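Participant: structure of the sequence below:
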Amino acid sequence: MKNKIFQFIWSIVKALIKKRPFNQRDFFDSYGPMFVAQDKLARIFDKNYLALLGDSEIEGMADREYMASFDMVVANYGKGGSKPYHIIQFLLQNKYGKKLYKSLKNRMVIISNGGNSMWANETLNIKEELSVIRHLLPLSIMVTLPPVHADWLDALDDGTIYDKTAEEYNNMVDEINGYIWDLWGIWVIDINTILTNPEEQKAFWFALKDPVHYSDFSEMVFRKLGEAIIKFIRKVRK
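Facilitator: Next comes the predicted model:
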């Protein structure tokens, strides 16, 4: 009930906050004031609230109805298109990000990020970038990249962003997920395995709403897994 009230009030406050102009050099900056306001409000309802941080997979869950379905107070810090180095830059260099980092650094945070580095062919330093995030947010739980409809992406190949074969896309997902397992160990939500058809070794047809983004079903799975692991950790730590 507490989260439902929080989400209702936040939906009103959010509508009143003017979003800053997009700044390509500081990717999260336009969302900075909104994130800081959300953090302050969430802490009023629960000082130990759960935070979601990441790219479009997280931002896509930011609607009030979905967020209110959690049975704990949850804040959404998702920004579509973001990459790991954008998160690092925001938390360490942006004036709003620094304020948010003070709240997140000792908080349980579920993170989903890394896929955009793959689309942009910027994976050379991704393990190091993920390692920095792991260090900055020691209580974080990382979500594996979901399987993608690689055959769809292969069909969309236009020589620009979609410029790889289906096998290459699958291999890159596996590579980044390998880094995630190496860095987070047991603190991983392995949504990739759940959404992968073991017989065909590709995403179940109902797992994604487009070639790369969660379907409503997968968002429900994400919520259930996230709630379960957070409840378990909180119980163990009591």
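
Participant: CA only for contacts and neighbour counts going forward, please
Facilitator: Will do.

Participant: longest helix in the chain, please.
Facilitator: Longest among the helix segments of the chain by residue count, using DSSP state H, is helix 216-237.

Participant: what's in contact with it?
Facilitator: Outside helix 216-237, the residues that touch it by C-alpha atoms under 8 Å, 6 or more residues apart in numbering are 61, 70-72, 108, 110, 189, 191, 195, 206-209.

Participant: can you rerun that using 6 Å?
Facilitator: Contacts to helix 216-237, defined as C-alpha atoms under 6 Å, 6 or more residues apart in numbering, come from residues A207.

Participant: buried sites along it?
Facilitator: For helix 216-237, a neighbour-count test (16 or more other C-alpha atoms under 10 Å) marks 218-223, 226, 230 as buried.

Participant: which helix or strand in the protein has the lowest average pLDDT?
Facilitator: Ranked by mean pLDDT, DSSP states H and E, the weakest helix or strand in the chain is helix 150-155, scoring a mean of 61.

Participant: that helix: what's the following helix or strand?
Facilitator: Proceeding N to C from helix 150-155, the next assigned helix or strand is helix 166-184, under DSSP states H and E.

Participant: so how far is that following helix off the chain centroid?
Facilitator: Averaging C-alpha positions (C-alpha atoms, centre = their mean, to the nearest Å) puts helix 166-184 16 Å from its chain's average.

Participant: for M108, what are its contacts?
Facilitator: Contacts of M108 by C-alpha under 6 Å, 6+ apart are 50, 139-140.

Participant: quick one: which of the residues you listed is nearest to Y85?
Facilitator: Nearest to Y85 among these: S140, at 16.3 Å, using C-alpha to C-alpha.

Participant: the closest one: what's it in contact with?
Facilitator: For S140, the contacting residues are 108-110, by C-alpha under 6 Å, 6+ apart.
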